[in-house]
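In: what's the 3D shape of this:
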Amino acid sequence: LERGAPMADNDLIVVSFTGNDQTFKVLLDACDETRVLQVRDTSQKGLLHFSLTGLAYLKRSTSCHLKSVDLAIEAKCDPWAEDKRSLEFKREG
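Out: A predicted model of the protein is given here:
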């Protein structure tokens, strides 16, 4: 990212799901709130959903997954706000 590498939405989705909390933090720090809330898969699921779902599969330690959930919440991926803002962005876009 420091050298200008592009970040795809899928990068954020994969690291949130796999509980890669350190990389998730780096990617979230490189995003503004608008970008974080716009990240969706084809079913319109956001980053908080993927962080929580990943916790069920435990690709890493429980603490890593819980940190990823915390990071998603800190990034304003609150389920109510995330859904509301996503709809607002869709209407504006």
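In: so where do the helices sit in this protein?
Out: With DSSP state H applied, the chain shows helices at 9-17, 21-29, 33-38, 47-57, 62-74, 79-92, listed in chain order.
In: can you list the ones you listed in JSON lines and add distance to L1, mean pLDDT and mean neighbour count?
Out: (Glycine included, C-beta is placed from N, CA and C.) Below are these laid out as JSON lines (distance: least, C-beta to C-beta, whole Å; pLDDT from 0 to 100; neighbours: other C-beta atoms under 10 Å):
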{"stretch": "helix 9-17", "distance to L1": "10", "mean pLDDT": "96", "mean neighbour count": "20"}
{"stretch": "helix 21-29", "distance to L1": "7", "mean pLDDT": "96", "mean neighbour count": "18"}
{"stretch": "helix 33-38", "distance to L1": "13", "mean pLDDT": "87", "mean neighbour count": "16"}
{"stretch": "helix 47-57", "distance to L1": "17", "mean pLDDT": "93", "mean neighbour count": "19"}
{"stretch": "helix 62-74", "distance to L1": "16", "mean pLDDT": "96", "mean neighbour count": "18"}
{"stretch": "helix 79-92", "distance to L1": "23", "mean pLDDT": "58", "mean neighbour count": "12"}
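In: Could you save those as CSV and add columns showing distance to R3?
Out: CSV is the format used below for the helices of the chain (distance: least, C-beta to C-beta, whole Å):
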stretch, distance to R3
helix 9-17, 15
helix 21-29, 13
helix 33-38, 19
helix 47-57, 24
helix 62-74, 23
helix 79-92, 29
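In: Out of those, flag the one nearest E2.
Out: With distances scored as C-beta to C-beta, the stretch of the helices of the chain nearest to E2 is helix 21-29 (9.8 Å).
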